[in-house]
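Participant: return atomic coordinates for the entry below.
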Amino acid sequence: MVKAAIITPVYISVAWTLMTSYQMFTRTTVESVTIYIGTYLPAIGAWMASRLDMIIFIHSFAWIFLLSSVIPSLLLGKGRGVLVQFGVCLTLAFLAFVVQDTLEGSSGALDQILGLAPLFHNPFLAMAYLSLPYLLMMGFDIRGKRKQKKEEIVESETGDFPEYTFIVEDDFKEDEKIQEEEQTYPN
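Facilitator: So this is what the prediction gives:
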């Protein structure tokens, strides 16, 4: 219980930071990558420039999808309800807007955060930033498949052993009771 009380704010803080930063820097990173690709492959660069909003949406959606899938499952476990997951995701999205509005109202805090935007004019850093949610999704999938495979191996090695153990154990207990009764009350 104490562990959950400590880890929950950490997960929410990380999710909020990633979601908010992604909303702020996605346009800059997509534009940087588009310009870089357009330099070497003008046809693809022109195609990307004409669909810039769609590309920004896709990359923003990747973060939202990742965070709305992973964070609630970490906080609530696998047995979470859809309504509870929706509540957690809605809270994260709401907090992103509230804090962003608060930062805009404060003196220079948002300017300091947005001061990092020029870093993403470097196309390689921008590509790394845009690929991060996809790499995390692949990592989570690989980890989940390995974990599932280990569980399947353990189940196949143990087979039906626990089931038969309980049946035999129950039979022995019943036999012991009968023997005790016979010893206590001989015919």
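Participant: show me where pLDDT drops low in the chain?
Facilitator: Where the chain drops to pLDDT under 70, the residues are 1-5, 16, 72, 75-81, 92-93, 96-97, 99-101, 103-114, 157-187.
Participant: what about the helices in it?
Facilitator: 2-40, 42-50, 52-76, 82-105, 109-114, 123-158, 161-184 (DSSP state H).
Participant: residues making contact with the third one?
Facilitator: Same thing as helix 52-76. 4, 7-8, 11-12, 15, 18-19, 22-23, 26-27, 29-31, 34, 48, 80, 84-85, 88-89, 92-93, 130, 133-134, 136-137, 140 (C-beta atoms under 8 Å, 6 or more residues apart in numbering). Backbone N, C-alpha and C define where each C-beta goes, glycine included.
Participant: same thing but 7 Å
Facilitator: Outside of helix 52-76, the residues within contact range by C-beta atoms under 7 Å, 6 or more residues apart in numbering are 8, 11, 15, 18-19, 22-23, 26-27, 30, 34, 48, 80, 84-85, 88-89, 92, 130, 133-134, 136-137, 140.
Participant: buried members of those into ChimeraX, please.
Facilitator: Those of those that count as buried under 16 or more other C-beta atoms under 10 Å are selected in ChimeraX with:
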select :11,15,18,19,22,23,26,27,30,34,48,85,88,89,92,130,133,136
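Participant: give me the distance between Tyr40 and Val33.
Facilitator: Note on Tyr40: its distance to Val33, by C-beta to C-beta, to the nearest Å, is 12 Å.
Participant: with Ile7 instead?
Facilitator: Distance of Ile7 to Val33, computed by C-beta to C-beta: 34 Å.
Participant: looking at these two, which is more packed in?
Facilitator: A side-by-side neighbour count of Ile7 and Val33, using other C-beta atoms under 10 Å, places Val33 first with 22 against 12.
Participant: what residues are up against that one?
Facilitator: Applying C-beta under 7 Å, 6+ apart to Val33 gives the contacts 123, 126-127, 130.
Participant: burial of the residue nearest to it when sequence neighbours are not counted, as a residue count?
Facilitator: Distance criterion C-beta to C-beta, 6 or more residues apart in numbering; nearest residue to Val33, sequence neighbours excluded, is Ala126 at 5.1 Å. Other residues within reach of Ala126, judged by other C-beta under 10 Å, total 23.
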